[in-house]
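Peer 1: Okay, sequence plus prediction incoming.
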Amino acid sequence: DPVPRRLLETLNSHENESQQLAFLKSISPIGKRKLINFLTKHMPEGHMKHIFENFIRVIHESREEQSHKSQNIFFENYDATNKALQDKRKSRKEKAKENVWIKVPWRNPELQIFDLAAIINDPEVKKLYPAPNEVDKVKFSYNLAPPIGVHMMNYALLAKDPVLESEQPPDISNYVDCPCQVYKTKDSMQLKGHVVSTDPSFISDPRLKSMWLKGRKHRVQMHPDASLEGLKQGLKDFITSSAKRSKIEEDKFYIWATKITEAMGTKFEAMWNQPYSEKNIFLSRSGQEELKKIRQDMAICTVDKSAQDFGLCCKSLYLHELWHEIHSPHYEEVTDMLSDSKNIWGKHAQLSTQVGTRAVDSHRYIYGSLKMHKKDISFRWIAGNHMNLIKDNSSQKHPACSLSGPEAALGGALRLCMKLLETKDGDCRKNGYKRYWVVTNVDTTAAAIKMHRDKIKGDVFTRDFTRMYTS
């Protein structure tokens, strides 16, 4: 290749070292690569060796300069993007302030599916609204439905079973006549003769089986009554605030609100009575009855190392194992419950005030996650959150945590740190390898291993922290 020889001749034509270094910096990246390959094979002596060492230093400095430039571009783009998002969010909030909102307390994606907005904006419904000047500003807000695991799993209720207060654990010796044997399938397993499983083939209702297979984090409302109750509560609160704001009597709003609830109720009832289909978003009446029977006989719980799966365990066996866990030496009983409890929750409320979260004045509970991946099936016992009533007239409950706010803030800071580390590791990644992975999805790691399998020497393995605290 004549290029490196020509570059070397030009380099030698310069009289002093500073001119030579200036020339080396001006060479294109391709020219630098060709020249360095040539000099590596034909290392010159004396003065040219000194020039060669300076040349290596020049390349190193240019790479560092390029790296800093890339980082600066990243942070400039990050700041610009973040500012644009903040401005857009601010604009959206300002625009939202102009509207009047029906805030539905229960989480209703069905309100969108059944097009509540179309009912509110119907000309016939609009005529019934007693404040014509703001009728076009009426909007509604809703959140995602809770995961179906909240409705289907019963481990939190079992944690309050009276048998756990008794002096002896439940008797599980007669497993032959235990109701759990009805739920035995070809893929189910046994623990002390009782059924444990993740196989839903015993379920006869097709909608219930479909939900089970989609996993406990799947989001869809299971009963229309909850959605309708939430809408009624939202309209009631809206009427109270609107009457105060517009100085119009509340009774004049109820004709308008009744028209909306009747229209939505008709849609909910029609969907409820539909036979099974993917369009039927609710669990049928037969599915509700079957789920109720399963919860009577079995404990529906989580599965360790499998975030989506429902675990099924004999109720008697679950209570037996939970009794032994609660009565083990790992826990200390509060002797003076009244004074000790008041002191504990008082300290918690004080901490909540300092970190800006709401205080929680209810006790935690213990629940078990099935370790189905082990040769000898067992439980991982976890301290669960307190239980909150979903609405006043409901016996349904769902867990909530007073540390949700700090957890979200800390999560955002950690994600930023991971992004910074990934940027600093950029040079290595340009050369086709990573010093670490930020694993948020197993597919990313699997794809990287597959792509670079020829570079991996030995087996790929993972390590666990056996003493790390988790809750």
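Peer 2: Sure, I can see it.

Peer 1: Just give the number of residues close to K214.
Peer 2: K214 has 13 neighbours, counted by other Cβ atoms under 10 Å. C-beta coordinates here come from the backbone N, C-alpha and C atoms, glycine included.

Peer 1: For K93, see how far away it is.
Peer 2: In this structure, K214 lies at 34 Å from K93, with Cβ to Cβ, to the nearest Å as the measure.

Peer 1: Can you check the pLDDT for the closest residue to K252 other than its chain neighbours?
Peer 2: Ranked by Cβ to Cβ, 6 or more residues apart in numbering and with sequence neighbours excluded, the top spatial neighbour of K252 is P130, at 4.1 Å. Looking at P130, its pLDDT reads 92.

Peer 1: so P130 is in which element?
Peer 2: Following DSSP states H and E, one finds P130 outside all helices and strands.

Peer 1: could you measure it against E98, distance?
Peer 2: Distance from P130 to E98, by Cβ to Cβ: 20 Å.

Peer 1: re earlier: residue contacts, the residue nearest to K252?
Peer 2: Taking Cβ atoms under 8 Å, 6 or more residues apart in numbering, we find P130 in contact with S246, I248, K252, F253, W256.

Peer 1: Output those residues in CSV; the columns should cover distance to E9.
Peer 2: Below are these laid out as CSV (distance: Cβ to Cβ, whole Å):
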residue, distance to E9
S246, 89
I248, 93
K252, 96
F253, 92
W256, 91
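
Peer 1: and the residues you listed, which are buried?
Peer 2: Buried by 16 or more other Cβ atoms under 10 Å: F253, W256, out of these.

Peer 1: Return the closest of the contacts of P130 with respect to L420.
Peer 2: Nearest to L420, judged by Cβ to Cβ, of the contacts of P130 is S246 at 51.3 Å.

Peer 1: Contacts only, for the closest residue to the closest one other than its chain neighbours.
Peer 2: Among residues not flanking S246 along the chain, A131 sits closest, at 4.6 Å (Cβ to Cβ, 6+ apart). Taking Cβ under 8 Å, 6+ apart, we find A131 in contact with S242, S246, I248.

Peer 1: Same question for K371.
Peer 2: Contact analysis of K371 by Cβ under 8 Å, 6+ apart lists D304, K305, I377, S378, F379, R380.

Peer 1: List phi and psi for it.
Peer 2: Main-chain torsions, K371, degrees, to the nearest 10: phi -100, psi 80.

Peer 1: One more: A383?
Peer 2: Phi and psi for A383, reported as degrees, to the nearest 10, are phi -80, psi 120.

Peer 1: what's the spacing between it and E325?
Peer 2: A383 is 11 Å from E325, by Cβ to Cβ.

Peer 1: S201 falls within a strand, correct?
Peer 2: No: according to DSSP: H, G, I helix; E, B strand; the rest coil, S201 belongs to no strand; its state is coil.

Peer 1: Could you tell me how many residues sit around it?
Peer 2: 13.

Peer 1: Tell me the pLDDT of it.
Peer 2: Predicted confidence (pLDDT) for S201: 92.

Peer 1: what's the distance between it and S284?
Peer 2: Relative to S284, and taking Cβ to Cβ, S201 is found at 19 Å.

Peer 1: repeat for C178
Peer 2: In terms of Cβ to Cβ, C178 sits 28 Å off from S284.

Peer 1: Next: E262.
Peer 2: Taking Cβ to Cβ, one finds E262 at 23 Å from S284.

Peer 1: quick one: low-confidence ranges for the stretch 101-250 of the chain?
Peer 2: 105-112, 143 (pLDDT under 70).

Peer 1: hey, where'd the helices end up in it?
Peer 2: In the stretch 101-250 of the chain, the segments counted as helices under DSSP state H, counting those that start in this stretch are 110-113, 116-120, 123-127, 149-152, 155-158, 206-214, 224-246.

Peer 1: Out of those helices, the one nearest L420 is which?
Peer 2: Per Cβ to Cβ, nearest to L420 of the helices of the stretch 101-250 of the chain: helix 149-152, 34.9 Å.

Peer 1: Just the CA coordinates for the closest one, please, in PDB.
Peer 2: Output of helix 149-152 as PDB, limited to C-alpha atoms (Å, rounded to 0.1, in the frame of the first residue of the first chain):
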ATOM      1  CA  GLY A 149     -53.900 -11.500  40.900                       C
ATOM      2  CA  VAL A 150     -55.400  -9.000  43.400                       C
ATOM      3  CA  HIS A 151     -58.800 -10.600  42.800                       C
ATOM      4  CA  MET A 152     -57.800 -14.200  42.300                       C
END
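
Peer 1: For the helix or strand Q296 falls within, output the C-alpha coordinates as PDB.
Peer 2: Taking DSSP H and E as the criterion, Q296 maps to helix 285-297. Output of helix 285-297 as PDB, limited to C-alpha atoms (Å, rounded to 0.1, in the frame of the first residue of the first chain):
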ATOM      1  CA  ARG A 285     -71.000 -15.700  36.500                       C
ATOM      2  CA  SER A 286     -70.000 -19.400  36.100                       C
ATOM      3  CA  GLY A 287     -66.300 -18.300  36.200                       C
ATOM      4  CA  GLN A 288     -66.900 -16.300  39.400                       C
ATOM      5  CA  GLU A 289     -68.600 -19.400  41.100                       C
ATOM      6  CA  GLU A 290     -65.700 -21.700  40.000                       C
ATOM      7  CA  LEU A 291     -63.100 -19.200  41.300                       C
ATOM      8  CA  LYS A 292     -65.000 -19.000  44.600                       C
ATOM      9  CA  LYS A 293     -64.900 -22.800  45.000                       C
ATOM     10  CA  ILE A 294     -61.100 -23.000  44.200                       C
ATOM     11  CA  ARG A 295     -60.400 -20.300  46.800                       C
ATOM     12  CA  GLN A 296     -62.400 -22.400  49.400                       C
ATOM     13  CA  ASP A 297     -60.200 -25.500  48.800                       C
END
